[in-house]
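Participant: One predicted model, sequence on top.
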Amino acid sequence: MTDPHRPYTVALTGGVASGKSTVAERFAAHGIDVLDADLIARELVQPGAPALHEIRQRFGREMLDAAGGLDRRRLREAVFSAPAERQALEAILHPRIRRALRERASGIRSPYGLLAIPLLAESNGSYDWIDRVLVVDLPRELQLERLSRRDTLAPGLAEAMLAAQAGRAERLRLADDVIDNSGSLAALNAQVERLHHRYLELAGDRTGA
Ligand SMILES: CC(C)(COP(=O)(O)OP(=O)(O)OC[C@H]1O[C@@H](n2cnc3c(N)ncnc32)[C@H](O)[C@@H]1O)[C@@H](O)C(=O)NCCC(=O)NCCS
Ligand SMILES: Nc1ncnc2c1ncn2[C@@H]1O[C@H](COP(=O)(O)OP(=O)(O)OP(=O)(O)O)[C@@H](O)[C@H]1O
């Protein structure tokens, strides 16, 4: 049963470099609390954290830099070149990410909360407690173009990252709402604005506010 006192939550998902962070910033500018699975994943591997210890045991010392922190670039190349390596990393991090998101969602104080979860479509229903799903969508060619413009990636890595993620159609099947990010930033902002008002209404209806 839906608990009317639980904050109303919207999951934000999309493929790599689809524009999730850009969208999340716009919602945050409207005063909406944002939780970000990528940032939580980073917190979980800070020096001294249990997950970092498990990564070191599974992947070896060479995944750490001189200061004992995670060498993200190295791990990224290891996990996107072999599915078994990626699954091993996910087995260490995903249960912890899920737990942290669920715990922190109860602390949302804005009228609704936005939870940026890149791998929602790959998560087999683990996030079915979230009220609504917003997908950022764009054509694959534009996604690859924005990804390679933003990051300097080893040859083939951009395609390998896309291959490790759900396809466009699979992601869109989950969507209650879709943002089309194939246009300008102004067009993106206009869509966020519209959705923000819609989510205020939905959250208000739920709580009877
Ligand atoms: C592999 C790591 C070390 C690479 O770090 P890096 O700083 O280069 O990337 P960052 O963390 O900013 O992730 C950027 C994007 O990569 C994609 N991505 C990351 N992990 C995965 C994965 N396991 N499968 C598919 N895509 C992924 C997502 O689109 C994500 O938004 C890092 O992504 C990681 O720890 N991944 C495992 C945790 C995870 O699955 N995170 C995704 C959020 S649930
Ligand atoms: N409408 C747009 N027009 C032009 N560039 C854009 C647009 N939207 C986003 N970008 C740019 O595309 C890149 C990817 O956007 P962003 O970082 O927001 O994606 P992301 O989905 O959060 O990425 P990741 O999956 O790596 O976390 C960034 O360089 C961003 O500035």
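Facilitator: Yep, that arrived. Ligands and ions are numbered 1, 2, ... in the order given.
Participant: Which positions in the protein make contact with ligand 1?
Facilitator: Residues of the chain found near ligand 1, taking Cβ under 6 Å from any ligand atom as the criterion, are 16, 37-38, 41, 72, 75-76, 79, 86, 89-90, 93, 97, 117-119, 161, 164-165. Quick note: C-beta positions are derived from backbone N, CA and C, even for glycine.
Participant: Quickly note the distance from the residue lying closest to P83 once chain neighbours are set aside to P118.
Facilitator: Among residues not flanking P83 along the chain, A164 sits closest, at 7.4 Å (Cβ to Cβ, 6 or more residues apart in numbering). Distance of A164 to P118, computed by Cβ to Cβ, to the nearest Å: 11 Å.
Participant: which of these two has more neighbours?
Facilitator: Legend: neighbour count by other Cβ atoms under 10 Å for A164 and P118, higher for P118 (19 against 16).
Participant: Can you tell me the SS state at the more buried one?
Facilitator: coil (DSSP: H, G, I helix; E, B strand; the rest coil).
Participant: Which residue ranges of the chain form strands?
Facilitator: For the chain, the strands defined by DSSP state E cover 8-13, 33-36, 112-116, 132-137, 177-180.
Participant: Does the third one pack against any helices or strands, and if so which?
Facilitator: Same thing as strand 112-116. When contacts are defined as 3 or more Cβ pairs under 8 Å, 6 or more residues apart in numbering; DSSP states H and E, strand 112-116 packs onto strand 8-13, helix 20-29, strand 33-36, helix 37-43, helix 83-105, helix 185-207.
Participant: Can you point out the buried residues in the last one?
Facilitator: Meaning helix 185-207. Burial within helix 185-207, assessed by neighbour count using 16 or more other Cβ atoms under 10 Å, is assigned to L188, Q191, V192, L195, H196, Y199, L200, L202, A203, R206.
Participant: residues making contact with that helix?
Facilitator: With Cβ atoms under 8 Å, 6 or more residues apart in numbering as the contact definition, helix 185-207 has outside contacts at 2, 4-5, 7-8, 10, 19, 22-23, 26-27, 30, 32, 111-112, 131-132, 134, 177, 179-181, 209.
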